[in-house]
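Engineer: quick one: sequence and predicted model below, then my questions.
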Amino acid sequence: MEIKIAYLCTNNSADKIFDNDDKYDIQSYMRTINTTEIALLDNFNWLIFGPHVQEIWHTHEGMRLSRECDAAEDGRAAIFNNPRGKRILISRPIDVSNISLLYMRLGSGTCPPPAPTDPPFQLLITTDCLNYSNWLLAYSQQISPGIEHVTVPLSLVNLTNSSTVCLKIQQKGEKFAGSGSWFIDDLLIIRSRQLAEYFFETFQTMRSTNWYRLVGGQLKTCDGRISMVFEPHADIRTEIGATTIDFSLSGIIDYNRDVVFHLSKNISIDWT
């Protein structure tokens with residue numbers, strides 16, 4: 001489900017809540033409110049491979065953080081496009097106890113994608129985080145031309161019996177046919193939870209489990225109450241909008257009724 005909205009407020013209040021690292025990245029602010037369900041989160045908005053980043057990632061080759069290719073919805077994305085050498089990113093050990101889902105954005109943005117003859121993107125896992133060997137392929141995807149990015153939801157349930165794994169993101173090989181690029185961004189691993197059979201959001205208590213990403217969203221006073229407002233901004237190069245985390249509608253869908261999203265005071269959008 002994606003909702004794209006803008007200019008909802010009838011006042012000009014400047015009351016806002018921003019993330020400390022990137023004031024236009026409200027999604028990171030929301031996710032830090034309840035970290036008990038987060039096993040790994042990285043929007044690749046860091047500047048250097050410093051101590052904090054090294055707590056998450058073990059090593060990388062052929063990767064750089066950039067705003068190129070209009071890949072990053074806010075800040076930066078991890079871009080791989082060196083024509084020679086490895087393209088690889090390996091994590092530190094991750095606690096995957098009671099893990100449920102992995103989400104990430106993957107694509108080439110507005111840059112040319114890898115050549116069709118180049119190897120596909122791969123996500124691998126291992127329980128051997130001492131030697132970083134014995135990798136198991138969990139996901140593979142050829143980066144297709146004409147598709148700027150896709151959101152990849154990957155179930156990690158029953159993928160391993162171990163409580164700790166390491167991730168490897170790679171495009172296998174050391175020599176690539178062209179100068180095509182691919183990127184990853186907004187990598188999120190969440191723990192198992194009971195799927196809600198309804199969707200409810202007031203943006204007052206900040207339900208971090210509702211949302212995967214909120215591009216261009218700002219919390220501000222709108223019509224006398226705190227609301228999520230979407231407005232264009234020069235630092236955001238892609239579409240603004242919201243994408244939910246998966247939630248179950250089994251057993252409660254009545255196709256004879258309308259679904260109403262109340263977006264602002266006296267404004268609503270109906271889907272029949």
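Structural biologist: Happy to help now that I have it.

Engineer: count of neighbours near the nearest residue to residue 92 once chain neighbours are set aside?
Structural biologist: Take residue 92 and drop its neighbours on the chain: the residue closest to it by C-beta to C-beta, 6 or more residues apart in numbering is residue 58, 5.2 Å away. Yep, even glycine has a C-beta here, placed from its N, CA and C like the rest. Here the count is done by other C-beta atoms under 10 Å, and residue 58 has 15 residues near it.

Engineer: and residue 58, what pLDDT?
Structural biologist: Note on residue 58: pLDDT of 92.

Engineer: hey, what's residue 225 bridged with?
Structural biologist: According to DSSP bridges, residue 222 are recorded as the beta-bridge partners of residue 225.

Engineer: and the residue nearest to residue 92, how far from residue 154?
Structural biologist: Note on residue 58: its distance to residue 154, by C-beta to C-beta, to the nearest Å, is 20 Å.

Engineer: what do you get for residue 186?
Structural biologist: Note on residue 186: its distance to residue 154, by C-beta to C-beta, is 13 Å.

Engineer: overlap of the contact sets of those two?
Structural biologist: Listed as contacting both residue 186 and residue 154 by C-beta atoms under 8 Å, 6 or more residues apart in numbering are 103-104.

Engineer: more neighbours, these two?
Structural biologist: residue 186 (25 against 13).

Engineer: thought the more buried one was touching residue 102?
Structural biologist: No. Contact criterion C-beta atoms under 8 Å: residue 186 and residue 102 do not qualify, at 11.1 Å.

Engineer: ok, the residue nearest to residue 92 to residue 114 distance?
Structural biologist: Remark: distance between residue 58 and residue 114 (C-beta to C-beta) = 24 Å.

Engineer: kindly state the beta-bridge partners for residue 103.
Structural biologist: residue 153, residue 188.

Engineer: got it, and residue 126?
Structural biologist: Residue 126 has these beta-bridge partners by DSSP bridges: residue 166.

Engineer: can you report how many residues neighbour it?
Structural biologist: Residue 126 has 20 nearby residues by other C-beta under 10 Å.

Engineer: what do you get for residue 160?
Structural biologist: For residue 160, using other C-beta under 10 Å, the count is 16.

Engineer: does it touch residue 125 like I think?
Structural biologist: Yes. At 6.6 Å, residue 160 counts as touching residue 125 under the criterion of C-beta under 8 Å.

Engineer: find residues that contact each of those two.
Structural biologist: What both residue 160 and residue 125 touch, as defined by C-beta under 8 Å, 6+ apart, is the set residue 136.

Engineer: how close does the residue nearest to residue 163 when sequence neighbours are not counted get to residue 155?
Structural biologist: Leaving aside its sequence neighbours, residue 163 sits nearest to residue 97 (C-beta to C-beta, 6+ apart; 4.8 Å). According to C-beta to C-beta, residue 97 and residue 155 sit 16 Å apart.
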